[in-house]
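Participant: Sequence and predicted structure, then a few things I'm wondering about:
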Amino acid sequence: MNKIEWVENLRVIATITVIMLHVAGPGVVSLGSVSMLDWNIANFFDGLARFCVPVFIMITGSFILNKDYGLEDFFKNKLSKIIIPFLIFSFIYTINGYGIKNLIKNYDLEEFSQFALQNLIYGSSYHLWYIYMLIGLYIITPIIRVYVKNASKSNLEYFLVAWLVFVTIDGYTLNEYLPNFKISIFSEYTGYFILGYYLSKYPLNSPKMGWLLFITGSLLTIGGTYYFSVKQNQFHEMFYNYNTLNVILQSIGIYTILFNSTIKNKALSKLRDIISKNSFNIYLVHILILTKIAPLNLTWNYINPFVGIVTTTLVCLFISTMVSMALKQIPVINRYL
């Protein structure tokens, strides 16, 4: 069994579910203006997919932290592969936000420059927060790598337990009842980074345990969101927070389920490889695609929420993959995508 294969399987699942999450999102925030049945379906799909971003981080950690890189090599060959595609797509989103017609007919260099700068600083699309966070993780990777390389299994477990405790306190807003220790390294995404590395070295090797963790985390996510949202008569997003115990359980669960997984069907395996190879570009472009297909009524409630979420997710995945493959054929751009 090739270790790369299960990572690719995991990456494809994360890629599909991050699209599904953004397709279902508008339905979840529509509590009160849609039927409870429709809202519950949206909550089911969105809640089921919360592991997507954490799993992306875990995959990165399992790769990056398992290898030694010189600082120059790391920043030149690794960080640049994140930053350059990010800049390319940030420019695309900036042009889209500014408006092509406005750019051509009412072109104002100063106005456009200010608009572009603001987009670069604050993000030209809401989903690009992940790239800013990822760049931050990459910047501190050489430091984290020294730690994980020299840490014992028990020391890594100590870190992960401490992280789990602090994200639970912070994620469920329990910190107002406790002293503020200001240990931010334990309340953000560094834990997922190291968790991916840890599970690649010390896997649970128990699909049954994986399913137990995933189902438990999913039920807590979907059920907790339902309970508090209905109670407050408005969408309550606490259980959707990536840094919560329920999402951590989901993420460990799906990681464990797919660890050592393989696909024997050649056609399915080839499709997996295509999506995996284009996954980063798919993530970057999929929000733009969703905005372009929305006027065609391809949204979360197309026909009904179940059909709409599944159909829109698959259509967006297909178009995003085609766009990525097309961009890779452009001579200058293909060097960086």
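Facilitator: Received, thanks. Numbers count the residues shown, from 1 in each chain.

Participant: okay, CA-based contacts and neighbour counts for the rest of this
Facilitator: Fine.

Participant: how about the helices of the stretch 51-200 of the chain, start to end?
Facilitator: 52-64, 71-73, 80-98, 100-105, 109-122, 129-150, 153-171, 190-201 (DSSP state H, counting those that start in this stretch).

Participant: For residue 279, find the nearest of those.
Facilitator: helix 52-64 (10.1 Å; CA to CA).

Participant: Just the buried residues of the closest one, please?
Facilitator: 52, 53, 54, 55, 56, 57, 58, 59, 60, 61, 62, 64 (16 or more other CA atoms under 10 Å).

Participant: Excluding covalently adjacent residues, which one is nearest to residue 321?
Facilitator: residue 282 (5.9 Å; CA to CA, 6 or more residues apart in numbering).

Participant: try residue 220
Facilitator: residue 246 (5.8 Å).

Participant: With residue 39 as the reference, measure out to that neighbour.
Facilitator: From residue 246 across to residue 39, the span is 20 Å (CA to CA, to the nearest Å).

Participant: Settle it for me: which of those two has more neighbours?
Facilitator: residue 246 (27 against 23; other CA atoms under 10 Å).

Participant: quick one: secondary structure of the residue nearest to residue 321?
Facilitator: Secondary structure assignment for residue 282 (DSSP: H, G, I helix; E, B strand; the rest coil): helix.

Participant: That one contacts residue 317, correct?
Facilitator: Yes. Residue 282 is within contact range of residue 317, at 7.3 Å (criterion: CA atoms under 8 Å).

Participant: what about the two, which has more around it?
Facilitator: Ranked by neighbour count (other CA under 10 Å), residue 282 and residue 317 place residue 282 first, with 27 against 24.

Participant: distance of the more buried one from residue 145?
Facilitator: For residue 282, the distance to residue 145 - CA to CA - is 28 Å.

Participant: likewise residue 118?
Facilitator: 33 Å.

Participant: Flag the shaky bits of the stretch 1-150 of the chain, pLDDT-wise.
Facilitator: Along the stretch 1-150 of the chain, the parts satisfying pLDDT under 70 run over 1-3, 101, 104.

Participant: Apply 80 and report the result again.
Facilitator: 1-3, 70-73, 76-77, 99-110 (pLDDT under 80).

Participant: before we move on, the earlier item: looking at the buried residues of helix 52-64, which one is closest to residue 100?
Facilitator: residue 53 (31.2 Å).
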